[in-house]
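Student: pasting the structure only:
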């Protein structure tokens, strides 16, 4: 009974994870008005590490020393991705930040080619063309220049892709939940160090109750809950469906930004968003869900 319930809840969990991550763009944008980047990330990842460590307390008997260096590597990639993305978010709109970050899905196959030697297929190449076209429509201004916020967001997408490749390299035969705890812990450590070296600790901001709610949302929902929903949902769903649902994060990011943050989207940007979204779906699923639907229609003609 429990297993059937989890399977039925898998896709709603994936939708919830996509929505939580999508909504976090404008929430983080507002939090940045009061808390510097490094300390915002330090608090967020510390909360995530502590909560996930408590949730996974029964698994701690599996921990070995090599979890430290593995966590340090993937935590470093995650820290760089989030740091650059957050600096970019401060200089661009939440909707553009959401969609340009999604470019990492298209970059991953090419990094695998570079580090693992597996060549991208025709769907990866098509996704790259669509993605570059979409990025151009979203980011390029009238004089064909790109603002700093968009450039940083595109750079962060490279580090998100590197993080995925790194996780694939260091996670085999390891408990992914425990590895995630160490990942969060090291990302938090790097952010605390970065904050101590470059920023002033936001004592007054943290004493403001209006700041605590966004921080809790980012630390509890956007880090811990969404990750658990993603893991459980992916295990109990087919990969193609899971990838399509999770790619809706960028769509939810735009919708939440337009509804709650009065973010404006031009027609050219909207077309660019569509191209990036199709590129992500193409790269992640190779349109396998369309092939499956066609096969079923031939098998069951009306």
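Tutor: Received, thanks. From a predicted model like this one, the values you see are computed outputs, not experimental measurements. Numbers count the residues shown, from 1 in each chain.

Student: Could I get the full set of helices for the stretch 201-302 of the chain?
Tutor: Residue ranges of the helices in the stretch 201-302 of the chain, as given by DSSP state H, counting those that start in this stretch, are 203-206, 209-216, 226-235, 239-246, 249-260, 267-285, 288-299.

Student: Tell me which of the ones you listed approaches residue 121 most closely.
Tutor: For residue 121, the closest of these is helix 267-285, at 9.8 Å, according to C-beta to C-beta. Heads up, the C-betas are built off the backbone N, CA and C, glycines and all.

Student: Show me what that closest one is in contact with.
Tutor: If you take C-beta atoms under 8 Å, 6 or more residues apart in numbering as the criterion, helix 267-285 is touched by 95-96, 99-100, 102-103, 105-106, 108-109, 123-124, 126-128, 130-131, 133-139, 239-240, 243-244, 247, 250-251, 254, 265, 287.

Student: same deal with stretch 208-215?
Tutor: 27, 28, 30, 31, 34, 35, 40, 43, 44, 47, 205, 206.

Student: Flag every buried residue along it.
Tutor: 211, 214, 215 (16 or more other C-beta atoms under 10 Å).

Student: Please tell me how far the last one sits from residue 184.
Tutor: It stands for residue 215. Counting by C-beta to C-beta, to the nearest Å, the gap between residue 215 and residue 184 amounts to 15 Å.

Student: and what of the second one?
Tutor: Distance from residue 214 to residue 184, counting by C-beta to C-beta: 19 Å.

Student: Could you pull out the buried residues of whichever helix or strand residue 28 is part of?
Tutor: Assessed by DSSP states H and E, residue 28 sits inside helix 2-31. Using 16+ other C-beta under 10 Å as the test for burial, helix 2-31 gives 10-11, 13-29, 31.

Student: just checking, what packs against that helix?
Tutor: Other helices and strands packing on helix 2-31, by 3 or more C-beta pairs under 8 Å, 6 or more residues apart in numbering; DSSP states H and E, are helix 66-89, helix 94-101, helix 209-216, helix 226-235, helix 239-246, helix 249-260.

Student: sorry, back to before: let me have the helices of the stretch 201-302 of the chain in TSV, adding distance to residue 191 as columns.
Tutor: Below are these laid out as TSV (distance: least, C-beta to C-beta, whole Å):
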stretch	distance to residue 191
helix 203-206	15
helix 209-216	13
helix 226-235	17
helix 239-246	25
helix 249-260	22
helix 267-285	27
helix 288-299	38
